[in-house]
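Engineer: show me the folded form of this:
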Amino acid sequence: MLLLGIETSCDDTATALVRDGRDVLASVSTNQDAFHAKYGGIVPEIASRQHVALLSAAIEDALDRARVPMEALDGIAVTYGPGLIGSLVVGVASAKALAFALAKPLYAVNHLHGHIFAAFLDRPETPPYPFLALLVSGGHSQLVEVHSATDMRVIGRTRDDAAGEAYDKTARLLGLGYPGGPAIDRLAHGGNPRAFAFPRHRPDKGTLDLSFSGLKTSVRYFLESQAGRDAQAADPQRFASDVAASFQAAVVDVLLARVNAAFERKDYRAIVLSGGVAANSALQAAFQSWSARRGVQAFVPPARYCTDNAAMIAAAAFYQREIARADPLTLGADPNLPFELAQPAESMR
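Structural biologist: Presented below is the predicted three-dimensional model:
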């Protein structure tokens, strides 16, 4: 089954050709960092306008790279939420037009489900059910119990800032610009993760929920208290590296503590790490080390499938097609789409 995937939930214009939910024949992605960097974050209006300018070419590019004629497609998969409404509308409208013109089925996919199925791409084996997924990105941080492609539920989520959001805000405090996650990861390589003791917050005892707002605030107050002091003045670069490494260590500790707690409650057959923050080198190293000690099979997508991409959307559509199919004339974008599984067509009619 050959699917064209379209992903425009935020600021990445992405398309992909995926066969049978695993084999990626082509994956095209254009980020808009250069357009948003001077604002320190994503400007929704700019994002949607760039999708309009880039999406048609991205679809043609994916088809050309895969050497597949459009008529050979078995369906169109598209992200219809959650995300920025203007960005989502561009992708959904394009997918509906293609599905109608080609008389092919349209598969409406939840962006967050797509991140989970990124772990199924370009590998000989897929995660065995039931598995636990740790989904960490700029807008979301949650633990998901996955019993099948169509049976999954969130068992822990952030109470405030997502992990990626905390990275971006901390990067801004350090003057690193946008996007903050990769910048902090690079800076932290030269730092001491035990230099400063930042808090590892847990909202309530016994919960699997996450919280990163307090950590970000702690870094801010710490930097304000250290301004002009000897440690910072003597070697500003080393000081910044130590802050970045210590902040990153706190994030990793919080995430792995929740994963460990989840495994103490239930025995899963595997663990999946996904989402944009999954590309972070410190998190990946700690994640692999933990899984080896625990004797748990770990699945981490390649970096190109951790960030927003269309291959994961096509993969999710393949495995979830009995619930993801939607009438192309009635599908609408849903910026606040919940994680819970539901028939897209039912909620849109």
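
Engineer: and residue 12, what does it touch?
Structural biologist: With contact taken as C-beta atoms under 8 Å, 6 or more residues apart in numbering, residue 12 is in contact with 29, 30, 31, 32, 307, 308, 309. No exception for glycine: its C-beta is placed from N, CA and C like everyone else's.

Engineer: I'd like to know how many residues surround the closest residue in space to it that isn't next to it in sequence.
Structural biologist: Excluding the flanking residues, the one nearest residue 12 by C-beta to C-beta, 6 or more residues apart in numbering is residue 308, at 4.3 Å. Other residues lying near residue 308 total 27 when counted by other C-beta atoms under 10 Å.

Engineer: residue 308 sits in which helix or strand?
Structural biologist: Using DSSP states H and E, residue 308 sits in no helix or strand.

Engineer: hang on, it packs against residue 7?
Structural biologist: Yes. Between residue 308 and residue 7 there is a contact at 5.7 Å, judged by C-beta atoms under 8 Å.

Engineer: common neighbours of those two, please.
Structural biologist: What both residue 308 and residue 7 touch, as defined by C-beta under 8 Å, 6+ apart, is the set 14, 111.

Engineer: tell me the pLDDT at the residue nearest to residue 12?
Structural biologist: At residue 308, the model reports a pLDDT of 92.

Engineer: point out where the stretch 201-349 of the chain drops to low pLDDT.
Structural biologist: Where the stretch 201-349 of the chain drops to pLDDT under 70, the residues are 228, 230-233, 342-349.

Engineer: where along it do the strands fall?
Structural biologist: Along the stretch 201-349 of the chain, counting by DSSP state E, counting those that start in this stretch, strands occupy 270-274, 297-299, 325-326.

Engineer: contacts for the second one?
Structural biologist: By that I understand strand 297-299. Outside strand 297-299, the residues within contact range by C-beta under 8 Å, 6+ apart are 119, 123, 126-128, 131, 269-273, 287-288, 291-292.

Engineer: over to the first one?
Structural biologist: For strand 270-274, contacts defined as C-beta under 8 Å, 6+ apart pick out 115-116, 118-119, 127-128, 131-136, 146, 259, 263, 283-284, 287, 291, 296-301, 306.

Engineer: change it to 7 Å
Structural biologist: 115-116, 118-119, 127-128, 131-135, 259, 287, 291, 296-301, 306 (C-beta atoms under 7 Å, 6 or more residues apart in numbering).

Engineer: report the buried members of the contacts of strand 297-299.
Structural biologist: Among these, those buried by neighbour count (16 or more other C-beta atoms under 10 Å) are 119, 126, 127, 131, 270, 271, 272, 273, 287, 291.

Engineer: tell me where the model's unsure across the stretch 1-150 of the chain.
Structural biologist: Scanning the stretch 1-150 of the chain for pLDDT under 70 picks out the ranges 32-40.

Engineer: so who does the nearest residue to residue 81 once chain neighbours are set aside touch?
Structural biologist: Nearest residue to residue 81, sequence neighbours excluded (C-beta to C-beta, 6+ apart): residue 337, at 3.0 Å. For residue 337, the contact set (C-beta under 7 Å, 6+ apart) comprises 80, 81, 82, 110.

Engineer: and residue 78, by the same measure?
Structural biologist: Contacts of residue 78 (C-beta under 7 Å, 6+ apart): 6, 91, 92, 95, 106, 108, 109, 313.

Engineer: mind checking how far the biggest helix by length in the chain is from the chain centre?
Structural biologist: Taking DSSP state H as the criterion, the chain has its longest helix at helix 236-265. Taking C-alpha atoms, centre = their mean, to the nearest Å, one finds the center of helix 236-265 at 18 Å from the center of the full chain.

Engineer: could you chop the protein up by domain?
Structural biologist: The record's domain split for the chain, according to automatic domain parsing, is 2-118+305-348, 128-301.

Engineer: quick check: which of the ones you listed is buried the most?
Structural biologist: Of all the domains of the chain, domain 2-118+305-348 has the most neighbours on average by mean count of other C-beta atoms under 10 Å, namely a mean of 21.

Engineer: ok, the residue nearest the centre of the chain - contacts?
Structural biologist: Closest residue to the average C-alpha location of the chain: residue 275 at 2.7 Å, with C-alpha atoms, centre = their mean. Applying C-beta under 7 Å, 6+ apart to residue 275 gives the contacts 115, 135, 136, 137, 140, 306.

Engineer: now do residue 25
Structural biologist: 17, 18, 19, 66, 68.

Engineer: show the subsequent helix or strand relative to the strand or helix carrying the first one.
Structural biologist: Assessed by DSSP H and E, residue 17 sits inside strand 13-19. Where DSSP H and E defines the elements, the next helix or strand beyond strand 13-19 is strand 23-30.

Engineer: each with direction, which strands does that following strand pair with?
Structural biologist: Note on strand 23-30: by DSSP bridges, its sheet partners are strand 13-19 (antiparallel).

Engineer: give me the contacts around the strand it pairs with.
Structural biologist: Contact with strand 13-19 is made by 1-7, 24-30, 50-51, 54-55, 58-59, 62-63, 66, 68, 308-311, 314-315, as judged by C-beta under 7 Å, 6+ apart.

Engineer: run the last query once more with 6 Å
Structural biologist: Residues outside strand 13-19 that contact it (C-beta atoms under 6 Å, 6 or more residues apart in numbering) are 2-3, 5-7, 24-30, 51, 54-55, 58-59, 62, 66, 68, 309-311, 314-315.
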